[in-house]
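A.B. asks: What would the 3D arrangement of this be:
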Amino acid sequence: DLGTPAVNMSIGLRRAEAAKAYLVEKGVAPERIQTVSKGKTEPLVPNSNEENRRKNRRVKIVIIE
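C.D. replies: Coordinates of the predicted model:
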């Protein structure tokens, strides 16, 4: 909510890429990991205050067998 949509998408993608790098470091094959930034399109809670913004800064990992 505080930055521009482009900046927020970029920050989200960097967060996802950092999570991917960690998983690759732990042995997960990089081609098995897809990174996506949702920006402000799928918040958990409204971005009305700093506590809520903190909750919305997250990485979601979906495991598919």
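A.B. asks: what comes up buried for the longest helix seen in the chain?
C.D. replies: Longest helix in the chain by number of residues, with DSSP state H as the criterion: helix 5-25. Neighbour-count burial for helix 5-25 flags Asn8, Met9, Gly12, Ala16, Ala19, Lys20 (criterion: 16 or more other C-beta atoms under 10 Å). In short, each C-beta sits where N, CA and C put it, glycine included.
A.B. asks: So of these, which two are at opposite extremes in space?
C.D. replies: For the buried residues of helix 5-25, the farthest-apart pair by C-beta to C-beta is Asn8 and Lys20; their separation is 18.8 Å.
A.B. asks: rewinding a little: any chance of the buried residues of helix 5-25 in a markdown table, plus distance to Arg58?
C.D. replies: As requested, the buried residues of helix 5-25 are exported to a markdown table (distance: C-beta to C-beta, whole Å):
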| residue | distance to Arg58 |
| --- | --- |
| Asn8 | 13 |
| Met9 | 15 |
| Gly12 | 9 |
| Ala16 | 10 |
| Ala19 | 10 |
| Lys20 | 14 |
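A.B. asks: how about those in CSV, adding distance to Ile63 and pLDDT?
C.D. replies: Below are the buried residues of helix 5-25 laid out as CSV (distance: C-beta to C-beta, whole Å; pLDDT from 0 to 100):
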residue, distance to Ile63, pLDDT
Asn8, 26, 88
Met9, 24, 90
Gly12, 20, 90
Ala16, 15, 92
Ala19, 13, 94
Lys20, 14, 94
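A.B. asks: Nearest to Val36 among those residues?
C.D. replies: If you rank those by distance to Val36 using C-beta to C-beta, Ala16 comes first, at 6.5 Å.
A.B. asks: Arg58 and Ala29: what is the separation?
C.D. replies: To Ala29, Arg58 is 24 Å away according to C-beta to C-beta, to the nearest Å.
A.B. asks: Comparing those two, which residue is more hemmed in?
C.D. replies: Between Arg58 and Ala29, Arg58 has the larger neighbour count (other C-beta atoms under 10 Å), namely 13 against 8.
A.B. asks: Now do the contacts for the more buried one.
C.D. replies: By C-beta atoms under 8 Å, 6 or more residues apart in numbering, the contact list for Arg58 reads Leu44.
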